[in-house]
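Trainee: Generate a structure from the sequence data that follows.
(one chain, ligands or ions: 1)
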Amino acid sequence: MSVQVYANLGGVEESATLGMTRLAAELKAADLPVISLSAGEPDFATPGFIAEAGIEAIRDGQTHYPPAAGLAPLRAEVAAYLSQECGGAYTPEQVLVTVGAKQALFNAIFTLFGPGNRIVIPAPYWVSYPPIARLARAVPVILETTAADGFKPDPDRVAALFRSGARGLVLNSPSNPSGAVLSGAELDRLVAIAAKYDAWIISDEIYHAIVYNTEHASVAARARDYERVVLVNGFSKAFAMTGWRVGYAVGPREVIAAMTRLQGHINTNTALPCQYAALAALSEREPRQRAIEEMVLAFNRRRDLLLKGVAAIPGLTPYPPDGAFYLWIDAGRWCDSLGANSTGLCMDLLDNERLALVPGEAFGADRFIRLSFAATEEALTEALERLADASVRLGLR
Ligand SMILES: Cc1ncc(COP(=O)(O)O)c(C=O)c1O
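Mentor: Numbers count the residues shown, from 1 in each chain. All right, here's what the predicted structure looks like:
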C-alpha cells in the first residue's frame, strides 16, 4: 500500500545503527553466522539489584500512570546524583524523566528551537541529532572536526557560527561515535562562547560513566553561571538498561516545565516500574559503583584488544577512544580500493564477511566506519579475523 507521508516526517529515514542491527538480525535468523558490532548496546545484563527493584515495583502495584515529569523521588535522586558525580547544583524541579535520553533530546530540541533556527552539530555526530533538529523544523549546521583536533569542535568556528546567527550547539562527550572526551577547560571555553552569543547548549552525557584513563567533565559543573544549558543523560549505557527506557533532562525550571507539558501530550512518561528500577540504580551507591566498575573494566580490555588488532590490519586507522564503547576507524583506503563509500563498504563486509559495522556516512564522516565493542572478546577476535580476510580480498597491504 502506498501511503502519503506528511511533510512533518519529510527526509527522516531509519536510524542507520538500528537499520544495520536489523539487517544483521535478519541474516542471523536465516542461520547465517553474522557477527554484529553495530548496536550501541551493552551486552551485559542489567545489574540484579536494579532489575529486582523493577520487579518489586510491579508486585507492589506500582503499575499506574506516572506523573508527567517523572517519579518525585527519582527526580530528587537524579539531582543528588548529578551533584555527587558531576558537580552540578540542581533542584528536583529542574529534572524531567523521559523515555530514554533520546526522548530527552527530542523534547529539549523541540521545545527550544523552531522553524529556521540553526543548531550547530559537530561531526561525527550521533545519528539522531540531525533528524531530531529537522523534526523541530530547525536547521542542523554540521561542523566538521578532524583527527588532528581529536574530533572535537574548534571553538573559533563555533563562535563564527554563533556570530552568523546559530542559536544552539549540541555537545556529546564522551562521543558516539569517536570516543572523544572534552576536557574541563575545553568545555569552559565552549560555554563561554555560548554565553557570549546567548546560545543554547544541549549536552548529551549518556556515556559519562564510561571513560578510559581520563575524567569525564560535565557541563553540570562547568556552566554554573550560565543558564542556557540542558544536560541530557540516562540509564541505558552506564547501567546496561537500554530496554527499560529511562533517561532525563536537566535545565532551567521554565524549560523543564515546557518540556513536561510537551511530554504530557505525547507519552505521559516512561513506565512506572522502570522508574523504580532507575531509582534503585541511583540510590544504592555501592552496588552501583561496583556494577559500573566491572563493566568499564571489561570495556577497557576489549578496547585494548581491538585497538591492537585493528592497527595491525592494512589500510585501517583506528583512533583510541577516551570514552564510550566504540572504535572509530578511518577506512578511507578500503573505500578507495572497493570504489565505494562507507555505506557500500559496510554492505560489502556484511555480504562477504558476515560482519555488521556502521558506516561513517550515518555519522556525517563518510570515510570512516564504527565498530561497537559492546560484544564478547570471542566475537571481537572473530571480527578481527574477518577484517583481516577482507583486507586481503580488497588487495590492501
Ligand atoms: C550519544 C547518544 N545519545 C543518546 C542515545 C539514546 O539513548 P537512550 O537509550 O537513553 O535513548 C544514544 C544511544 O545510542 C547515544 O549513543
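Trainee: contacting residues around the residue in the stretch 1-150 of the chain that the ligand sits nearest to?
Mentor: Closest to the ligand within the stretch 1-150 of the chain is residue 100: 2.6 Å, counting by C-beta to the nearest ligand atom. Every C-beta, even on glycine, is put in place using the N, C-alpha and C of the backbone. With C-beta atoms under 8 Å, 6 or more residues apart in numbering as the criterion, the residues that contact residue 100 are 234, 236, 245-247, 270.
Trainee: out of these, who's nearest residue 137?
Mentor: Checking the contacts of residue 100 against residue 137 by C-beta to C-beta gives residue 247 as the nearest, at 23.3 Å.
Trainee: That closest one contacts residue 239, correct?
Mentor: No - taking contacts as C-beta atoms under 8 Å, residue 247 lies outside contact range of residue 239: 11.1 Å.
Trainee: Find the residues that touch each one of these two.
Mentor: If you check residue 247 and residue 239 against C-beta under 8 Å, 6+ apart, no residue is contacted by both.
Trainee: Got the domain ranges for this structure?
Mentor: The chain breaks down by automatic domain parsing into domains covering 7-45+288-393, 48-284.
Trainee: Apart from its chain neighbours, what residue comes closest to residue 65?
Mentor: residue 268 (5.9 Å; C-beta to C-beta, 6 or more residues apart in numbering).
Trainee: closest to residue 1 out of the domains of the chain?
Mentor: domain 7-45+288-393 (16.5 Å).
Trainee: is the ligand contacted by the closest one?
Mentor: Yes - counting by C-beta under 6 Å from any ligand atom, the ligand is contacted by domain 7-45+288-393 at residue 40.
Trainee: Tell me how many other residues surround residue 67.
Mentor: Residue 67 is flanked by 16 other residues according to other C-beta atoms under 10 Å.
Trainee: contacting residues for it?
Mentor: Each residue near residue 67 by C-beta under 8 Å, 6+ apart is listed here: residue 269.
Trainee: One more: residue 395?
Mentor: Residue 395 makes contact with residue 337, according to C-beta under 8 Å, 6+ apart.
Trainee: repeat for residue 269
Mentor: Shown in contact with residue 269 (C-beta under 8 Å, 6+ apart): 66-70, 97-99, 263, 275.
Trainee: what's whatever helix or strand residue 192 lives in in contact with?
Mentor: Assessed by DSSP states H and E, residue 192 sits inside helix 184-197. For helix 184-197, the external contacting residues (C-beta under 8 Å, 6+ apart) are 152-153, 155, 158-159, 162-163, 169, 171, 173, 182, 199-201, 215, 217, 219, 221-223, 225-226, 228-229.
Trainee: Please list which of these also come close to the ligand.
Mentor: Applying C-beta under 6 Å from any ligand atom to these, none is adjacent to the ligand.
Trainee: If burial is judged by neighbour count, which of those pass?
Mentor: Neighbour counting by 16 or more other C-beta atoms under 10 Å classes 152-153, 158-159, 162, 169, 171, 173, 182, 199-201, 217, 219, 221-223, 228-229 among these as buried.
Trainee: Tell me the bridge partners for residue 203.
Mentor: Using DSSP bridges, the bridge partners assigned to residue 203 are residue 171, residue 231.
Trainee: where along this structure do the helices fall?
Mentor: For the chain, the helices defined by DSSP state H occupy 16-29, 48-59, 72-86, 100-112, 129-135, 155-163, 184-197, 219-222, 253-264, 272-283, 285-311, 332-338, 342-353, 377-393.
Trainee: got CSV for those, with mean pLDDT and distance to residue 37 too?
Mentor: Output for those, formatted as CSV (pLDDT from 0 to 100; distance: least, C-beta to C-beta, whole Å):
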stretch, mean pLDDT, distance to residue 37
helix 16-29, 85, 9
helix 48-59, 98, 26
helix 72-86, 95, 29
helix 100-112, 98, 21
helix 129-135, 95, 22
helix 155-163, 98, 32
helix 184-197, 97, 29
helix 219-222, 92, 30
helix 253-264, 97, 34
helix 272-283, 98, 26
helix 285-311, 96, 9
helix 332-338, 97, 16
helix 342-353, 95, 10
helix 377-393, 97, 6
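Trainee: May I see these arranged in a markdown table, with distance to residue 38 as well?
Mentor: Output for those, formatted as a markdown table (distance: least, C-beta to C-beta, whole Å):
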| stretch | distance to residue 38 |
| --- | --- |
| helix 16-29 | 4 |
| helix 48-59 | 25 |
| helix 72-86 | 29 |
| helix 100-112 | 17 |
| helix 129-135 | 18 |
| helix 155-163 | 30 |
| helix 184-197 | 29 |
| helix 219-222 | 29 |
| helix 253-264 | 30 |
| helix 272-283 | 25 |
| helix 285-311 | 15 |
| helix 332-338 | 17 |
| helix 342-353 | 8 |
| helix 377-393 | 11 |
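Trainee: Please name whichever of the ones you listed is nearest to residue 363.
Mentor: Residue 363 sits nearest to helix 16-29 of all these, at 8.0 Å, using C-beta to C-beta.
Trainee: ok, residue 371 - contacts?
Mentor: Contacts of residue 371 by C-beta under 8 Å, 6+ apart are 37, 306, 310, 326-327, 329, 357, 383.
Trainee: change it to 10 Å
Mentor: Applying C-beta atoms under 10 Å, 6 or more residues apart in numbering to residue 371 gives the contacts 37-38, 177, 306, 310, 316, 318, 325-329, 331, 355-358, 380, 383-384, 387.
Trainee: Okay, and which of those residues map to strands?
Mentor: 318, 326-329, 355-356, 358 (DSSP state E).
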